[in-house]
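Student: Sequence and predicted structure, then a few things I'm wondering about:
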Amino acid sequence: MRPSLQAVALWGKKAPPHSITAIMITDDQQMIVTGSQEGQLCLWNLSPELKISAKELLFGHSASVTCLARARDFSKQPYVVSATENGEMCVWNVTNGQCVEKATLPYRHTAICYYHCSFRMTGEGWLLCCGEYQDVLIIDAKTLAVVHAFTSSQSPDWINCMCIVHSMRIQEDSLLVVSVAGELKVWDLSSSINSIQEKQDIYEKESKLLKSLNCQTIRFCTYTERLLLVVFSKCWKVYDYCDFSLLLMEVSRHGQLFAGGEVIAAHRILIWTEDGHSYIYQLLNSGLSKSIHPADGGALKETIYPHLLCSTSGQENKQSGPFVMGYMNERKEPFYKVLFSGEVSGRITLWHIPDVPVSKFDGSPREIPITTTWTLQDNFDKHQTMSQSIIDHFSGLRDGAGTAVVTSSEYVPSLDKLICGCEDGTIIITQALNAVKAGLLEGDSLLKDSSPHKVLKGHHQSVTSLLYPHGLSSKLDQSWMVSGDQDSCVIWWDIFTEEILHKFFLEAGPVTSLLMSPEKFRLRGDQIICCVCSDHSVALLHLEGKRCLLRARKHLFPVRMIKWHPVENFLIVGCADDSVYIWEIETGTLERHETGERARIILNCCEDSQLLKPELVLPAASETHRHKSVEQRSSSSYQLGPVPSPGLQVESSCKVVDNESFPRPFKVLPVKTQWSYVGFHILLFDLENLVELLLPPPLRDSDPSSSFYGSEILRRAKSTVEKTMTLKKSRSACGPLSAEAQAKPVSESLAHGDNTNKFAEENDGIRRQKKMKSSKKMHLKPPRKVDANLTIDTAKLFLSCLLPWGVDEELDYLCMKHLNILKLQGPVSLGLASNEDHFSLMLPGWDLCNTELERDDSRVNLFSGKVLDLSSKYIATLPNQLVIPRGLENNCDSLQESNIIVYLLSRLFLVNKLVNTPLELAHGIDSSFKMESVHYKAKSPGNDILNISSIYGYLRNGKNEPHVPEADLSLLKLISCWRDQSVQVTEAIQAVLLAEVQQHMKTLRKTSTNSQPVPGVSAVAENGNREVLQMLPKAEWAEEIELQHMRNTLPLQS
Amino acid sequence: MATAMAVTATERAVVEEEFRWLLHYEVHSVLRQLQDILKEASLRFTLPGSSTEGPAKQENFILGSGSTDQVKGVLTLQGDTLSQADVNLKISRSNQLLHFAFREDKQWKLQQIQDARNHVSQAMYLLTSRDDSYQFKTGAEVLKLMDAVMLQLTRARNRLTTPATLTLPEIATSGLTRMFAPTLPSDLLVNVYINLNKLCLTVYQLHALQPNSTKNFRPAGGAVLHSPGAMFELGSQRLEVSHVHKVECVIPWLNDALVYFTVSLQLCQQLKDKISVFSSYQSYRPF
């Protein structure tokens, strides 16, 4: 998902599964972070009263999360690092859900410790990692690159757990680890910083075999600086830190497995188990006595006895899988000691541990009650209005009994149709935009009832997969659709006539996915459908022939990859156990079966060979593929197995959407989840594309006075921005603008968005763009098919989603009246992308997480309290003498409405772009601000901000001014300032939108008495140059500016 | 298809009953089976610490190739460590016989075996945490457990089946070359690894490339086995592999372990399949 896309999630009634595998509470105790088996991170708000509410879900990992850790000094930067089963690492800013840094290393970490020694090291500190590799890796917390490693001289092995010991007494930090074989090792940490930076080998200072396996935790008692608590799965032990002599060993009873522990005070420890129980012990010193180990020669040794003080009460329903638990000791004010646990079911439980835990009077252990418990589903249940599914409202139409559970869905961009397969076997086809509007907006009952939808009835079991062949190959009939169900029945539909063209019965279990052969691969001129079934068989169907070509049934493991060999007519099937089956399609015979190295070679060489088109349709397949490339990169790589459990399938499908040939302002992205039926939809708005589409084509408006004032200017200015941004100064771009608009490839905005070093990438950028153009050519042929009404509806929906409703009643009313947009039913779940693969989605109930916001039920969808503040600042910077955009006061309603909408959208687009500008670039911008007022004329190449601000000028006043008004500059400065203050994009957008809407509506509230005559274009002309321009037709005008611009810049470039 | 629609209440009850049986009995029996197999597998790896009878026993392997006897190696394996190594190399040109052995104080850890062993014990640990007393409530729970176990088993197997691909400089600088007494001459490289069930020893004979050599210098990438003619740069010197000798020997217990991995992986998958069968019944959703 590109950062320029705006996303809104439609969650549905059921929360996506979130099987917690890692949990932590941030240092400020305001947030819980969990990592899941599905690969997402969830941010939970923790109120001062210890109430939990889920806030947002972070997407980006493609495998199960193995550990989480702090990645910076939390008071300075709220960063958390996550690591996964397949070696991905990510640093997240947990206040805004953005991914700050990512890396994929060939290591699977199971524990990470952040270490920073401010007076001895520069940079952001280190992540000390251990896992399924020997010894301890040191990874740079900022770049996520491997810095060095701690190595063992004696019996190197995997490390199970570690802890950093800061000893006040000797002013030295040490790293304590326990290996898989149960060996305790100690490395000097602070004194070896220099040697690490010089990449010298660091060997352990001490090591000792602890004689137990499966170490879970090692903790140092900072209160006594003496005791060391080591928890193994079958026992826990206390050692003397001075000489590592064993002081106490407690073996588990009743087959309980210990999972961890913590020292909570001097001589007081907390131990928890795999099944979610925990116990607080007082360690009683019984003085010196004979050693418990006769081997020590019976020397006098002190012994310690544990006394059980308290235990925590568990859930009613015990045994819901392994618990991941942790304990948090620090909190300045109010001071909480919190024991927390996360379960596979997704439940979080907190226990408030009393400062001084005591047993009952009779000495028996006291029970500590659960303080809070919460799940993601609780959020969904509590905020039903926000958890609207995309087709919820249709179920009411049908029988009124319960809502239909969508088991599969497919969005058809070319028709703007959403096809949903339901649990009861029906398939609903709706106009996506209408469905979304009915789901999100208020008071649109008319829309709800009348929204056209078709119901296809043919399946008797839940529909598990859908395929729209035309979307994959434009040569196929638009009316075709293929669906597969739980009962192994595949139906070929005509969606226009709602007719069943053919039914195939495969008798091979649920159809898990439907694929189509690539365009290159044809069997007697036709592409064929490939069905992967849950009994691991693959069936090939020939639609027109109405017959099944091949049934490949010999696979023992789930199918991960399908490839086609067009020359030899082979179907190559890669299975989860890394074996490969090659089927001959014509005869239906198994040609070869290979395993191991040879199988890998077959799959790899298929990718290289030009004859074959690798079809990485199954997300799991693409994942393992990516995975392999990582392995190849590091030569002495550590082999990671394929991951059999991909998480949510968002990622790969996101890419599919991004690669879509021609841009659309609005898309629906269905998301399926792993290990469950629960799916949801993400709406994607392409703001840039939306603005473009809304602007009328240039040739039509011959009369400039009646046309929308700013549209032309905006378009031109925008294209100037585009050009300078990508540094493309070729004249071809000055051709017909409509073509330009279409030709703008999806990734172009990305290119300049990401270009931090533009000059270096200049050539590259041009080449890329050219390539893009040529590849897009065939898609340019179909005319702009996006219906104008659809576009304006999309824009309205988008504004509805962004506006904070209920801030001002009158404003709401005016918006509804003049902009003709509808109020939201509830807050929307907005998405925020940090880069292509990483994005966050708000969860229902996110609006209650803003603690600074006072309870106000009338306010809906206000992103944060900051927004109002920002918005008033913005208004304050607006020029005092409000210039009313032309066209507002005299034109007919609908035109005026769309004018304002376009104006607002283009504003938002700019804000989005400004806030998203990378910081490196931003510094350039800042410096340009300073010189701008002085040397406005001296344009330097690549100085985008000048262009941006000049568009800004156009936008504000609807006239072409020779210099940017001071007020607008200050607005720009303000927004750039927001970016530096790490105001979130969504906040900035909403603030600007609110301010602009308020400003506009203010003019509407006033009667048109003060409507000053708007100067015509001629009034703009202040120098001769411009006068000439004015005579030119508008399209050429743009070219002229462009040329002029080039003339200015060319000498500088040469 | 009308029959499928009319799943009667009794049928539904039967299916539910069957699924309950699967969760409560069948799953545990499979898990027990898996545990037994993996226990056997891990016994092969002789986990240190768990064995009370002291250090793992030593096994000698004589490595040779059928055709020539240019290189002969006797390697002593003690669990996952190579405790002794004797390498005899007959240089065909000079008919010179070279002999190297590990220094007395040195041992070499075979990372592949250690990793495989650790993965198996991880899988075992996952299984022991769900003993007979544990009641599975959903099919998804079983599927997740199986996925986790299979991940460990696949990695264990892959560790053995895919030796690390090393570049020649990496082999040259690896600790293994520094373990011999007398020290290896600079024109010899030695590498030891596991490939499937075999312990492999490769000896590379090198010759220096003249700085003014007309040969096109192209450094070789990483490979399990480099072929003669592969070039690399070490320090300031450019070297080329002139001869490659590869000898190997089957380690019987590794063979067993690999078989156990395959069998247990299949068992896991079969259990997953059994669970998924019930997903086709609308009435009962195991997920």
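Tutor: Alright, I've got the coordinates. Numbering: from 1, shown residues only, chains lettered A, B, ... in the order given.

Student: what residue ranges in the stretch 351-500 of chain A score low on pLDDT?
Tutor: Residue ranges of the stretch 351-500 of chain A with pLDDT under 70: A:385-404, A:442-451.

Student: can you do 90?
Tutor: Applying pLDDT under 90 to the stretch 351-500 of chain A flags the ranges A:352-372, A:376-465, A:469-479, A:485-488, A:495-499.

Student: For it, which residues are neighbours of chain B?
Tutor: Within the stretch 351-500 of chain A, the positions near chain B by CB under 8 Å from any CB of the partner chain are A:423, A:460-462, A:486-487, A:489. Just so you know, the C-beta spots here come from the backbone N, C-alpha and C atoms, and that holds for glycine as well.

Student: any chance of those residues in JSON lines, with neighbour count and secondary structure too?
Tutor: Formatted as JSON lines, these follow (neighbours: other CB atoms under 10 Å in any protein chain shown; DSSP: H, G, I helix; E, B strand; the rest coil):
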{"residue": "A:Glu423", "neighbour count": "20", "secondary structure": "coil"}
{"residue": "A:His460", "neighbour count": "19", "secondary structure": "coil"}
{"residue": "A:Gln461", "neighbour count": "21", "secondary structure": "coil"}
{"residue": "A:Ser462", "neighbour count": "24", "secondary structure": "coil"}
{"residue": "A:Gln486", "neighbour count": "23", "secondary structure": "coil"}
{"residue": "A:Asp487", "neighbour count": "22", "secondary structure": "coil"}
{"residue": "A:Cys489", "neighbour count": "23", "secondary structure": "strand"}
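
Student: how about JSON lines for these, with distance to A:His254 added?
Tutor: Below are these laid out as JSON lines (distance: CB to CB, whole Å):
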{"residue": "A:Glu423", "distance to A:His254": "42"}
{"residue": "A:His460", "distance to A:His254": "48"}
{"residue": "A:Gln461", "distance to A:His254": "44"}
{"residue": "A:Ser462", "distance to A:His254": "42"}
{"residue": "A:Gln486", "distance to A:His254": "42"}
{"residue": "A:Asp487", "distance to A:His254": "45"}
{"residue": "A:Cys489", "distance to A:His254": "50"}
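
Student: What is the nearest of those residues to A:Leu843?
Tutor: Among those, A:Glu423 lies closest to A:Leu843 (CB to CB), at 23.4 Å.

Student: Could you point out which residue ranges in the stretch 551-700 of chain A have low pLDDT?
Tutor: Looking at the stretch 551-700 of chain A by pLDDT under 90, you get A:551-579, A:584-700.

Student: Scan chain B for its longest strand.
Tutor: Determined from DSSP state E, the single longest strand within chain B is strand B:237-250.

Student: Using neighbour counts, pick out the buried residues of it.
Tutor: For strand B:237-250, a neighbour-count test (16 or more other CB atoms under 10 Å in any protein chain shown) marks B:238-241, B:243-245, B:247-249 as buried.

Student: Checking B:Leu23 next. Helix, strand or coil?
Tutor: Classification of B:Leu23 by DSSP: H, G, I helix; E, B strand; the rest coil places it in helix.

Student: Just after the longest strand of chain B, pick out the following helix or strand.
Tutor: helix B:252-277 (DSSP states H and E).

Student: Now A:Leu908: phi and psi?
Tutor: Dihedral pair for A:Leu908: phi -60, psi -40, per degrees, to the nearest 10.

Student: repeat for B:Lys144
Tutor: Torsion angles, degrees, to the nearest 10, at B:Lys144: phi -70, psi -40.

Student: Can I get the one helix or strand A:Asn604 maps to in PDB? Just the C-alpha atoms.
Tutor: Assessed by DSSP H and E, A:Asn604 sits inside helix A:596-608. In PDB, the C-alpha atoms belonging to helix A:596-608 read as follows (Å, rounded to 0.1, in the frame of the first residue of the first chain):
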ATOM      1  CA  GLY A 596      15.100 -32.000  -1.700                       C
ATOM      2  CA  GLU A 597      17.800 -30.300  -3.600                       C
ATOM      3  CA  ARG A 598      16.600 -31.300  -7.000                       C
ATOM      4  CA  ALA A 599      13.100 -30.100  -6.300                       C
ATOM      5  CA  ARG A 600      14.600 -26.700  -5.300                       C
ATOM      6  CA  ILE A 601      16.500 -26.600  -8.500                       C
ATOM      7  CA  ILE A 602      13.500 -27.300 -10.600                       C
ATOM      8  CA  LEU A 603      11.500 -24.500  -8.900                       C
ATOM      9  CA  ASN A 604      14.300 -22.100  -9.100                       C
ATOM     10  CA  CYS A 605      15.300 -22.700 -12.700                       C
ATOM     11  CA  CYS A 606      11.700 -22.200 -13.700                       C
ATOM     12  CA  GLU A 607      12.000 -18.700 -12.500                       C
ATOM     13  CA  ASP A 608      15.100 -18.000 -14.500                       C
END
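
Student: Which elements pack onto that helix?
Tutor: Applying 3 or more CB pairs under 8 Å, 6 or more residues apart in numbering or on different chains; DSSP states H and E, one finds that helix A:596-608 contacts strand A:559-565, strand A:570-575, strand A:580-584.

Student: Apply 6 Å and report the result again.
Tutor: Contact partners of helix A:596-608 among helices and strands, from 3 or more CB pairs under 6 Å, 6 or more residues apart in numbering or on different chains; DSSP states H and E: none.

Student: Now that helix: buried residues?
Tutor: Buried residues in helix A:596-608 (16+ other CB under 10 Å): A:596, A:599-600, A:602-603, A:606.

Student: domain parsing for chain A?
Tutor: Following the TED database, one finds the domains of chain A at A:106-209, A:390-607+A:665-685.

Student: now those domains in JSON lines, with distance to A:Leu5?
Tutor: Compiled in JSON lines, the domains of chain A are given as follows (distance: least, CB to CB, whole Å):
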{"stretch": "domain A:106-209", "distance to A:Leu5": "26"}
{"stretch": "domain A:390-607+A:665-685", "distance to A:Leu5": "5"}
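
Student: count of neighbours near A:Lys913?
Tutor: Neighbour count of A:Lys913, defined by other CB atoms under 10 Å in any protein chain shown: 22.
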